Structure formats: C-alpha cells, structure tokens
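S.K.: Predicted structure and sequence below. I'll ask about it afterward.
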Amino acid sequence: MDQKTSWIRYSIKNSTLLISLYKIAGFFLIGSAFVSCNEGSGKNKVNAEVLEVPVFTLMPKDIEVPQTYVCDLQAIQFVEVRSKLEGFVEEIFVDEGQEVKKGQPLFQLSSAEYNELVNSATAKLMQAKAEEKAASLEVERLKVLVDKKIYSNSELELAQSKKEMATSAILEAESILKNAKVGLSYTTIKAPFDGIVDRIPYKTGSLVKSGDLLTNITDISEIFAYYRITENEYLEYMRGELDKDADSEQMNEQVRETLQDEQEEISLILSDGVEYPYKGKLETMEADFEKGTGSIALRVRFPNPDGLIKHGASGKVQMSNELKDVYLIPQKSTFEIQEYNYVYLVDKENKVNVRSFRPMRRHGLFYVAQDFNTNDKVVLEGIQLLKDEATVKPNPIGEEEVYRSLNLPL
C-alpha cells in the first residue's frame, strides 16, 4: 500500500511538472506569434505610409544682391588749427560749432612783443636806407673830384664799396622786418577755409605754446566714405573695369563722358539704419593693401548740403552686385555641418539624396549658390524627418510661393 501510494504521488508530481512545462512553452509560442504579427503589421504600415514633402524645382536666376560695407565718414577737409608761437590767448572771436569763412579771425594771442620786434626792424631798415643814401652822395661827390683829378680812383672805389654794403644792409633789414611782421601775423589766427569750428580747449587768458591745438575746422559740405574690400573683391572689381575699358576703346570722348556720368550710384545707410537721401559715387582707392587684414580702402564722395553728417560718423555703404545664372536656396531647406551646407535633392525615383554646397553669400532668407543643376528638385521643408535614400512623395511648390519675400521677376 505504501509503495502504491508512493508511485501515485510520483506520477502526479511528474504530470504536474509536465503540464507546467507545456504551459510555459505555450506562452512563448503565443508571445512570439504576437510579436511577429506586430512586426509584420509595422513593416506593412511603414511601407504603406510614404512621407509627403514639399519640393521646388531650381531654375537659374539673374539677380541684384545689395552689398554693404562698414565705412568711416570723414569731412572733405579737416584741419587742426595750432599755435605757431608762444603767448597768452587775449581774445576768442568764435564759438564752438560756429560756421566761419575763410580768413575770418578765430583767436588773438598776445602781440606786444611782436609789435616791438616790428618797430625795431622798421627802425633798422630806415637807418640802413639813410646810410645807403649817404654812401650814394659820397660816390657822386668823389666822381666829380676824380674827374678833376683832385682824388685818385682808389678813393672812388672805396666809396662805391661802402655804398654796396649799405645796399646789402637795406636788404637784410627788409628781411628782418618781413619776418617780424610774419611773427606778428601769427598772433591773429584765422580760418584756413570755410567750415565749422570744433571744440576750443584753451579759453581767454590761457598760455599756449608753439604747436598747441586751439581747435579744428571741418568742411562738411561733402563727405568722404572710406570702406575696405578684400583682395578677391578687388580683383573681381578691377577685372570688370578692365573689361569695360576694353569694350569702350573705340568710343568717342562724348560717349565716355556719358558713361562716367552714368556710373553706379552708391547708397549710404546711417548708424540708425535709415538710408541717406543722397547718393554717392566711387572716386578712388588706396595704393597698397593693408598688411594685417589684406584689404584695401576705397573712397566714395557724398553730397552733404544739409550738414546732417559730421566728421567721424559711421555708417554702411550699399551697392548692387549683379549675379547671373545663380540658384537661390531657402535657408530653411538647409542644414549646416562645419564649413558646408547641405540640402536634400529628390531624384527621378523619388528618393532623397544629401547634397553639400558652399553658398556664395546670403540674400534675404536665401543662400546664393552656383554648384547646382537646372531642374534639381530640393526639399523645401521637413528635412529633419528625412534620411538619405529614403523614398518620399513630392508635393511640387511653385516659384512664386518660394521666392515671395524677394519679389523676383519670374
């Protein structure tokens, strides 16, 4: 009975274990089937849902891109008025910011000392002239006596030598007087040209020395704008000018003058961002490149009839640069890695491919580039959802909508 009971218990125990093993195996099979079904349905879902992306077709454009350069604005004439001698400031005839005319007195320095020098030089000149007159009379007197053979020729020659010395003394006295008058004239300091008086650091009663700055005079009837370009920009500009000269070799003088009058006008943007109402023209450039930056300065002349711009102001010169057969790539269609920009192009099989490019410059919200082909299809938006070689459904977007912000002629 005990053996039978033990066998039954052993059989039940083994049966229970076997049932448990079957249950576990069943669960694994069901789970695998469930996962397989889910994976299969997911793949079918991905294959079924192809991402739709907006796409636009690239066409070459001829555009005018505004180029701006930071510039320094300077008066056409800017002169430091300095004292040429030492003295006290006795009188100031003008005020800071006042407009003056050429030759108008600005300052009066103490002049008593220089008046005395003029008086002394005048007296010496009068003395020299008197001595020269006496020597001339002596020569005339001796001529008569020599003719009568009362005196020898040697006496006459001696008198003539004294007359020549007296004449040279007159020349010396005149030179001293002239220098004294020049020194006296330096005590009255006058405006060198029509302009505006700057700050006056020395007031009445101040002692100034030779070379001290009394004020500045600026002529701002016109303004020079100096800006710098790189060596590559210089070469591009000069090649364009040389081509113009070659094309105009057979033109007559009247036509050339007309072309010069029709030279491109340059705009000026002031520091507050407002465009200056008057246009300027490029005049000249420096002779050498700056060693530190490798750039060269150009000069543009602007009229300033209202006196709005002051010497030392800042701004930006702006000109139009015509670019032919270029492609405009919206910045939102690109992403950047290190020195390159990238876009997604859609091929004939509707697969996207990453394409790198280096933009020439920016124009509004667009990159200007050349290294593309006509009819290349670029993904406009949604590039963060794409992967290389992925299949997409293109949704064509018209040029008018893409380039709306630029108002381009299409």
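M.R.: Nice, I can see it.
S.K.: how about the helices in the stretch 101-250 of the chain?
M.R.: Assigned by DSSP state H, counting those that start in this stretch, the stretch 101-250 of the chain shows helices spanning 112-147, 153-185, 231-247.
S.K.: could I get those as CSV with mean neighbour count, distance to Lys332 and mean pLDDT?
M.R.: The C-beta positions use only the backbone N, C-alpha and C, and glycine is treated the same way. Compiled in CSV, the helices of the stretch 101-250 of the chain are given as follows (neighbours: other Cβ atoms under 10 Å; distance: least, Cβ to Cβ, whole Å; pLDDT from 0 to 100):
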stretch, mean neighbour count, distance to Lys332, mean pLDDT
helix 112-147, 15, 76, 89
helix 153-185, 15, 71, 90
helix 231-247, 11, 29, 72
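S.K.: for those helices, which one sits closest to Thr218?
M.R.: helix 153-185 (23.7 Å; Cβ to Cβ).
S.K.: any idea of the angle the closest one forms with helix 112-147?
M.R.: Here the directions of helix 153-185 and helix 112-147 differ by 160 degrees (axes from the mean of the first three to the mean of the last three Cα atoms, to 10 degrees).
S.K.: now the helices of the stretch 101-250 of the chain in CSV, with distance to Glu99?
M.R.: Formatted as CSV, the helices of the stretch 101-250 of the chain follow (distance: least, Cβ to Cβ, whole Å):
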stretch, distance to Glu99
helix 112-147, 29
helix 153-185, 24
helix 231-247, 38
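S.K.: So for Asn341, which of those helices sits nearest?
M.R.: Proximity to Asn341 (Cβ to Cβ) singles out helix 231-247 among those, at 20.0 Å.
S.K.: beta partners for Ile296?
M.R.: Beta bridges link Ile296 to Ile229, judged by DSSP bridges.
S.K.: Neighbours of it, how many?
M.R.: For Ile296, the neighbour count with other Cβ atoms under 10 Å is 17.
S.K.: can you tell me which residues contact it?
M.R.: Residues in contact with Ile296 (Cβ atoms under 8 Å, 6 or more residues apart in numbering) are Arg228, Ile229, Glu231, Tyr234, Met285, Glu286, Asp288, Phe289, Glu290.
S.K.: Out of the residues you listed, flag the one nearest to Ile337.
M.R.: For the contacts of Ile296, the nearest to Ile337 is Glu231 (28.4 Å; Cβ to Cβ).
S.K.: ok, for that closest one, nearest residue in space, not its chain neighbours?
M.R.: Gly294 (5.4 Å; Cβ to Cβ, 6 or more residues apart in numbering).
S.K.: Please read off the pLDDT at that neighbour from the model.
M.R.: On pLDDT, Gly294 comes in at 86.
S.K.: Likewise for the one 4 residues further on?
M.R.: Note for Leu298: predicted pLDDT of 92.
S.K.: what do you get for the one 5 residues further on?
M.R.: Looking at Pro303, its pLDDT reads 95.
S.K.: what's the answer for the one 3 residues further on, then?
M.R.: pLDDT, Asp306: 91.
S.K.: For the stretch 1-150 of the chain, just list every one of the strands.
M.R.: 51-57, 61-82, 87-92, 99-100, 105-109 (DSSP state E, counting those that start in this stretch).
S.K.: How many neighbouring residues does the residue nearest to Leu73 when sequence neighbours are not counted have?
M.R.: In space, Leu73 comes closest to Ala313 once its chain neighbours are excluded; the distance is 4.3 Å by Cβ to Cβ, 6+ apart. Using other Cβ under 10 Å, the number of residues around Ala313 comes to 17.
S.K.: check contacts around the residue positioned nearest the centre of the chain.
M.R.: Centroid check for the chain by Cα atoms, centre = their mean gives Tyr227 as the closest residue, at 2.7 Å. Contact analysis of Tyr227 by Cβ under 8 Å, 6+ apart lists Tyr69, Val70, Cys71, Asp72, Ala297, Leu298, Val300, Val317.
S.K.: Could you measure from it over to His363?
M.R.: 20 Å (Cβ to Cβ, to the nearest Å).
S.K.: try Asp147
M.R.: 102 Å.
S.K.: what does Gly240 give?
M.R.: 20 Å.
S.K.: Likewise for Lys348?
M.R.: On the measure of Cβ to Cβ, Lys348 and His363 end up 30 Å apart.
S.K.: and what of Val53?
M.R.: 24 Å.
S.K.: more crowded one of these two?
M.R.: Between Val53 and His363, Val53 has the larger neighbour count (other Cβ under 10 Å), namely 22 against 18.
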